[in-house]
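Enquirer: give me a 3D structure for the following:
(4 chains)
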Number of protein chains: 2
Amino acid sequence: MVRQARNARERARGELTAAIKDEARRQLAAEGASRLSLRAVAREVGMVSSALYRYFPSRDELLTALIIDAYDAVGAAAERALAEAEQAGEPFGARWLAVCRTVRAWALDHPHEYALLYGTPVPGYAAPQTTTGPASRMPSALLRIVRDAHAAGELREPVSGGPAPTEELLAQAEQLAVLLEIAVPAAATVEVLIAWAQLSGLVSFELFGQFHGVVDARDALFDHAAAGLATRVGLAPSPGVR
Amino acid sequence: MVRQARNARERARGELTAAIKDEARRQLAAEGASRLSLRAVAREVGMVSSALYRYFPSRDELLTALIIDAYDAVGAAAERALAEAEQAGEPFGARWLAVCRTVRAWALDHPHEYALLYGTPVPGYAAPQTTTGPASRMPSALLRIVRDAHAAGELREPVSGGPAPTEELLAQAEQLAVLLEIAVPAAATVEVLIAWAQLSGLVSFELFGQFHGVVDARDALFDHAAAGLATRVGLAPSPGVR
DNA sequence: CCACTTTCGAGAGCAGTGCTCTCGTCCGCC
DNA sequence: GGCGGACGAGAGCACTGCTCTCGAAAGTGG
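Expert: Now for the predicted structure:
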């Protein structure tokens, strides 16, 4: 009974916290992070602005919560796409492409949330440790494809061009692979890391209007680029897919 | 004399406009675009905020002016790096690397200005036509390297992997090359376009803290990635450079 | 069952923002 | 030399994030 009572309070708190986050996400999706207003959120959930501070100590904390959710959302989408591609018995190159396409699709569906993750960070903001886990889900999915290809003996040498990565870089890649518990040759990890950043560059350009008036055939451009990335990291190109 | 008098006024206006832009750029560099405050700028140049509207009709217009300047600054840096590499008789791959490195260095030196160009756009903002010219300077420099390599008969087939670009994409690339007056095979243009976006992804990741706690050897990572891009667009890897 | 503590929401208020409007003033042109 | 347009200042509007105080609930221990 005592626990009941305590739970009532806590449940109310949990529900309100969720309501605030939902409304905040709504505003984020509609207007972008910079226009997310604490007061407007409070108004919408039927509180006065100061009351909201009982749930989130600052605007940045609210944003952090949204960031974590967004990382989880892209990560989950990527993992789902990968799982489906695996179950369909797709070759590794096709799995890579599937994940890339899914990430892009998510970004186009949630532009402001994607911008929150991979765009300009809010000024005084330093990502707390709690974000790193969710943040790594998407790149981890990419890395796992490479790992599986390697395990299956189908990973080719990375087509990177130029001099081989430095020892320092390989050591860090090794360390990273250990941290993520994904056993991959260090050289391949380096290439995936680079591909991850480059993938984000492609999506950001599209999202942030850099291709506006320059490229219309964005689907084709992206697919071509993503296939190129697959080749670069050592996954055989997937001939049939288009 | 009359012209003198008219010039006196116009010169005063020009000087004040410049002073405002300088102070705005200072604040931008120090604090980032989101913390750039019209009132603070006005205060610093010794005006009241409303007077500033005689010079810039809105905060967005001021930002636009800064954006154009910033595009010109990266563009100029890239062009300078390319010219130097050309005069030094560097091979095409090395020229590519030099431009990439310069762009990255500029970005690391001017993080907030770079973010203004390639990061999250300000919410209601649509880049006016006047920005497209300066914006194309940097990618044009990259494209010219490829053109020159092609003209010299040293451009290899792009190492893109996957299916060839669609007809639609190639047509657009052709069109773009004509617009920029840089005669390059369409397939190569496509690869440069992709490389441009990917380059920006690499720089953004570094700038926006995505590599924080993940990669320390960022110089090595970037050089390796940039060399890879050179290979991808068909420029022979530059063996001696490191 | 009754005190006591914690939790919560509301209100007022502070310092700041972008932007508008009005009102004198001074500069430069006819 | 007068007149129109450019200009700077000031007040004001509707916002923002955030703090502090205060009264009312809700939950806890005796």
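Enquirer: packing partners for the helix-or-strand element of chain A with minimal mean pLDDT?
Expert: Lowest by mean pLDDT, DSSP states H and E among the helices and strands of chain A is helix A:2-31, with a mean of 84. On a contact count with 3 or more CB pairs under 8 Å, 6 or more residues apart in numbering or on different chains; DSSP states H and E, helix A:2-31 meets helix A:38-44, helix A:59-87, helix A:111-118. C-beta: built from backbone N, CA, C; applies to glycine.
Enquirer: hmm, the shortest one touching chain B?
Expert: So that's helix A:38-44. No - Helix A:38-44 does not reach chain B (CB under 8 Å from any CB of the partner chain); its nearest approach is 14.0 Å.
Enquirer: average pLDDT across that helix?
Expert: The pLDDT scores in helix A:38-44 average 97.
Enquirer: remind me which residues of chain A are low pLDDT?
Expert: Along chain A, segments meeting pLDDT under 70 span A:1-7, A:123-126, A:161-162, A:237-242.
Enquirer: before we move on, the earlier item: residues of the least confident helix or strand of chain A that come out buried?
Expert: A:16, A:19-21, A:23-25, A:27-28 (16 or more other CB atoms under 10 Å in any protein chain shown).
Enquirer: now the helices and strands packed on helix A:2-31 in a markdown table, with distance to B:Trp96 and mean neighbour count?
Expert: Below are the helices and strands packed on helix A:2-31 laid out as a markdown table (distance: least, CB to CB, whole Å; neighbours: other CB atoms under 10 Å in any protein chain shown):
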| stretch | distance to B:Trp96 | mean neighbour count |
| --- | --- | --- |
| helix A:38-44 | 47 | 17 |
| helix A:59-87 | 31 | 18 |
| helix A:111-118 | 25 | 23 |
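Enquirer: nearest to A:Cys100, out of these?
Expert: helix A:59-87 (9.0 Å; CB to CB).
Enquirer: which helices and strands does the closest one pack with?
Expert: For helix A:59-87, the packing partners by 3+ CB pairs under 8 Å, 6+ apart are helix A:2-31, helix A:38-44, helix A:92-109, helix A:111-118, helix A:132-135, helix A:137-151.
Enquirer: show me what from chain A comes close to DNA strand D.
Expert: A:2, A:5-6, A:8-9, A:36-40, A:49-50, A:53, A:57-60 (CB under 7 Å from any atom of the strand).
Enquirer: tell me the residue of chain A that sits nearest DNA strand C?
Expert: A:Ser50 (2.8 Å; CB to the nearest atom of the strand).
Enquirer: that residue and A:Ala18, how far apart?
Expert: 20 Å (CB to CB, to the nearest Å).
Enquirer: for A:Val178, the count of nearby residues, please.
Expert: By the criterion of other CB atoms under 10 Å in any protein chain shown, A:Val178 has 10 neighbours.
Enquirer: which helix or strand contains the residue of chain A closest to DNA strand C?
Expert: helix A:49-52 (DSSP states H and E).
Enquirer: pull the distance from that helix to the chain's centre.
Expert: Offset of helix A:49-52 from its chain centre (CA atoms, centre = their mean, to the nearest Å): 31 Å.
Enquirer: contacts for it, please.
Expert: A:20, A:38-39, A:41-43 (CB atoms under 8 Å, 6 or more residues apart in numbering or on different chains).
Enquirer: buried ones in that helix?
Expert: Of the residues in helix A:49-52, A:Leu52 count as buried by neighbour count, 16+ other CB under 10 Å.
Enquirer: restrict that helix to CA atoms and write it as PDB.
Expert: Below are the C-alpha coordinates for helix A:49-52, written out as PDB (Å, rounded to 0.1, in the frame of the first residue of the first chain):
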ATOM      1  CA  SER A  49       6.900  27.600 -17.300                       C
ATOM      2  CA  SER A  50       8.500  27.500 -13.900                       C
ATOM      3  CA  ALA A  51       6.700  24.200 -13.100                       C
ATOM      4  CA  LEU A  52       8.500  22.600 -15.900                       C
END
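Enquirer: measure A:Leu63 to A:Pro111 for me?
Expert: 16 Å.
Enquirer: DNA strand C contacts on chain A?
Expert: Counting by CB under 7 Å from any atom of the strand, chain A sits next to DNA strand C at A:9, A:12-13, A:16, A:46-51, A:54-55.
Enquirer: between the residues you listed, which is nearest B:Gly201?
Expert: A:Tyr55 (35.5 Å).
Enquirer: tell me how many other residues surround A:Leu229.
Expert: With other CB under 10 Å as criterion, A:Leu229 counts 27.
Enquirer: for the closest residue to it other than its chain neighbours, what are its contacts?
Expert: Using CB to CB, 6 or more residues apart in numbering or on different chains and skipping the chain neighbours, the partner closest in space to A:Leu229 is A:Ala195 (4.5 Å). By CB under 8 Å, 6+ apart, A:Ala195 lies in contact with A:142, A:229, A:232-233.
Enquirer: also A:Pro128?
Expert: A:Pro128 neighbours (CB under 8 Å, 6+ apart): A:Thr64.
Enquirer: relative to B:Pro158, how far out is it?
Expert: For A:Pro128 relative to B:Pro158 (CB to CB), the value is 42 Å.
Enquirer: and if you look at A:Val48?
Expert: Taking CB to CB, one finds A:Val48 at 60 Å from B:Pro158.
Enquirer: sec struct for A:Pro121, please.
Expert: Following DSSP: H, G, I helix; E, B strand; the rest coil, the label given to A:Pro121 is coil.
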